[in-house]
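Asks: quick one, structure for this:
(2 chains)
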Amino acid sequence: MNTAAVIKRILRQFRRDKRSAALMIAAPLLVLTLMWLVLDTDEAAVEIAAVGVPEHFVESIETEGMTVTVMEEQEAEEDLDRAEIDGMLQLEDGVPVLTLEGSDPNTSGAVRSKLQKQLSEQSSPIEWEYWNGSSELGLFDYVGPALIGFFVFFFVFIVGGVSFLRERTQGTLERLLASPIRRSEVVFGYLGGFGLFTIAQSVVIAAYSIYVLDVFMAGNFLYVLLVTILMALTALSLGTLVSAFAGNEFQMIQFIPLVIVPQVFFSGLFPTEGLAEWVQVVGNLMPLTYGAEALRDIMLRGASWESFQMEVFILIGFTALFTALNIIALKKHRPL
Amino acid sequence: METAVEMNSISHWFGKLQVIHDVDLNVEKGEIYGLLGPSGSGKTTLVKLMTGLLRPSEGVVKLNGEKMPALKQMKQFGFMAQSDALYSELTGRENLDFFASLYGMSRKDRRLRMEHVLDMVNLTVDASRPVHTYSGGMKRRLSLAASLIHEPDLIILDEPTVGIDPVLRQSIWNELNRLRDNGVTIIVTTHVMDEAEKCGRLALLRGGRMMAEDTPFRLKSKLEVSSMEEVFLHYGGGIRA
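Replies: Modelled structure (predicted):
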């Protein structure tokens, strides 16, 4: 009953406070679009110089996205100095030797893989097939699912945490607790009010990423929604819990590098398989790890419910844990 | 006379700091009871103990005979905090509607009661505007209205007239007197002398201790002084006549 009153009030506040509502929807869309613009280019075009290489060999290795220019050795070295070309190809005793410019590992990798592919195709052509994804799968397709999860998580954490904090600083929490409301009703009201709003937010963000930005999507849209909404609820319960330890909005912002940024590193944007075991344990304590993994499972591998249900249950577990802790933390403001 | 609020040998600590020292007080139903003291004297802490926002380290607080904190008693009083405690994005009416809904009032009751308290604090015209457009005095009045929304028999007001102009202060006191005449018990904290004189009975606080408790008239006549200020200085300022 009181929970419903809190939910109604929060939705009313959203209607009045267009700016927070916009922040939670427009800001993730904007940042996702920017990421898309940066990451979704065709693979970087590389340029290498051929020094003392026969014409027919140059033609045979030239391919889409890799230009090969015949140069003198001195000219090529000067260009390498200024990083105007990405590599220099020479023949030493009939064996091709490639000197990479080398300051950008991504470019180096691109040159190597392109050249290797061209050379191997000459001797024994390989048919490439994909179990998951496709040959069209770009970097943005891979990081997209984690990014959707991350932005939902980040903005809900901030807006939810700050509004719960403001409840305390503007004195309404005390006023609220001086009424017959239960502590749990306050917390569930927040989960409900923001939860309803985050459903809308998740629909917009997921639909925009998948249908407008055209992120690779092999799975069920409703599964994506389910996971994003659960991530939003986890972020909300964590944000409101953390806000109990912040004295003002500024201190709330200070929790971002502490609570949010580390989660990014474990969300699958960077490979973690090779890391020390204890580092992986740290990653396993972070909600974003599970959310991002579930989203990748669904979007890249078209996973069925069975294969990502564990992540879903873990997210629900996180939400339940943070909510319970929050209800206990409110005891500080009213013992009952 | 029945007792509305009963505090028996209350002591309270924040960590190692003792903020309330062995306070006993009884507020009878239907009176205006004032807690007078300088800032830091423990007025707000006493209020929080009465409203169940704090559990006393020692002693017992009872509201209508029931030991606090008790969820059932939370319905029985109206509370106006020192801060305005309003949602600034929402309109005056939406704020009242929210607080009213916490007391389980029916939609119809809420409507009627809302218009009634808005009229009481003279905010009917501005009730549809968001609260962030209100002046300080209007916010105070809306806070008062919110504390009266469920027609409680007891209202507890923490510095209700702080930062309010004399005309408005007068109108709030007229309202409090009218409520008292209708049998409502009122507990009010203040550090303003002329306000203290309007209370039926007064408790003088200093450093978390109750220095004296009586009607303003008797407090003055006991010391043979003519103003509350002198009484306050006698007990609160540590100056002996």
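Asks: so which residues of the chain form strands?
Replies: Assuming you mean chain A. Using DSSP state E, the strands found in chain A span residues A:46-51, A:66-70, A:87-92, A:95-100.
Asks: try chain B instead
Replies: Under DSSP E, chain B gives strands at B:3-14, B:17-28, B:32-36, B:58-63, B:66-67, B:77-80, B:154-158, B:185-190, B:201-206, B:209-214.
Asks: report the contact partners of residue 97.
Replies: Unless you meant another one, I'm taking chain A. Contacts here follow C-beta atoms under 8 Å, 6 or more residues apart in numbering or on different chains; on that basis A:Val97 touches A:Leu89, A:Gln90, A:Leu91. The way it works is simple: take the backbone N, C-alpha and C, and place the C-beta from them, glycine included.
Asks: wrong one, I was asking about chain B
Replies: Applying C-beta under 8 Å, 6+ apart to B:Asp97 gives the contacts B:Arg110, B:Met114.
Asks: try it again with 10 Å
Replies: By C-beta atoms under 10 Å, 6 or more residues apart in numbering or on different chains, the residues touching B:Asp97 are A:Ala5, A:Lys8, A:Arg9, A:Arg12, B:Leu90, B:Thr91, B:Met105, B:Arg107, B:Arg110, B:Arg111, B:Met114, B:Ile149.
Asks: compute the first-to-last residue distance for stretch B:16-35.
Replies: 24 Å (C-alpha to C-alpha, to the nearest Å).
Asks: show me how far that stretch is from its chain's centre.
Replies: Mean C-alpha position of stretch B:16-35 versus that of the full chain (C-alpha atoms, centre = their mean, to the nearest Å) differs by 12 Å.
Asks: what do you get for stretch A:164-175?
Replies: Stretch A:164-175 has its C-alpha centroid displaced from the chain centroid by 32 Å (C-alpha atoms, centre = their mean).
Asks: and that stretch, how far apart are its ends?
Replies: Stretch A:164-175: ends 14 Å apart by C-alpha to C-alpha.
Asks: check stretch B:146-163 too.
Replies: One end of stretch B:146-163 to the other measures 18 Å (C-alpha to C-alpha).
Asks: what residues are up against the most centrally placed residue in chain B?
Replies: The residue lying closest to the centre of chain B (C-alpha atoms, centre = their mean) is B:Leu157, at 1.9 Å. Residues in contact with B:Leu157 (C-beta under 10 Å, 6+ apart) are B:32, B:47, B:78-82, B:143-144, B:147, B:172, B:176, B:186-190.
Asks: B:Leu96 versus that one, what's the distance?
Replies: Going from B:Leu157 to B:Leu96 by C-beta to C-beta, to the nearest Å gives 17 Å.
Asks: could you do B:Gln73 as well?
Replies: From B:Gln73 to B:Leu96 the distance is 22 Å (C-beta to C-beta).
Asks: which residues of the chain score low on pLDDT?
Replies: Going with chain A. Low-confidence segments of chain A, defined by pLDDT under 70: A:41-44, A:122-126, A:128, A:135-136.
Asks: oops, I was thinking of chain B
Replies: Within chain B, the ranges that satisfy pLDDT under 70 run B:1, B:236-241.
Asks: that one: helices as residue ranges?
Replies: Ranges of helices within chain B are B:43-50, B:92-101, B:107-120, B:136-148, B:166-181, B:193-196, B:216-223, B:228-236, based on DSSP state H.
Asks: for A:Phe266, which of these is the nearest?
Replies: Nearest to A:Phe266 among the helices of chain B is helix B:92-101 (39.9 Å), distances taken as C-beta to C-beta.
Asks: which parts of the stretch 1-150 of chain A sit against chain B?
Replies: A:1-2, A:4-6, A:8-10, A:12-20 (C-beta under 10 Å from any C-beta of the partner chain).
Asks: for chain A, what's the longest helix?
Replies: Chain A, longest helix under DSSP H: helix A:139-169.
Asks: which parts of it are buried?
Replies: A:140-168 (16 or more other C-beta atoms under 10 Å in any protein chain shown).
Asks: and if you look at stretch B:58-71?
Replies: So, applying 16+ other C-beta under 10 Å, buried residues of stretch B:58-71: B:Gly59, B:Val61, B:Lys62, B:Leu63, B:Asn64, B:Met68, B:Pro69.
Asks: what's the separation between the last one and B:Gly200?
Replies: Looking back up the chat, that one is B:Pro69. 26 Å.
Asks: returning to what we had before: in CSV, list the contacts of B:Asp97 along with neighbour count and distance to A:Val111.
Replies: Formatted as CSV, those follow (neighbours: other C-beta atoms under 10 Å in any protein chain shown; distance: C-beta to C-beta, whole Å):
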residue, neighbour count, distance to A:Val111
A:Ala5, 22, 63
A:Lys8, 17, 60
A:Arg9, 24, 59
A:Arg12, 19, 58
B:Leu90, 21, 60
B:Thr91, 20, 64
B:Met105, 19, 73
B:Arg107, 10, 71
B:Arg110, 19, 72
B:Arg111, 14, 74
B:Met114, 23, 73
B:Ile149, 26, 73
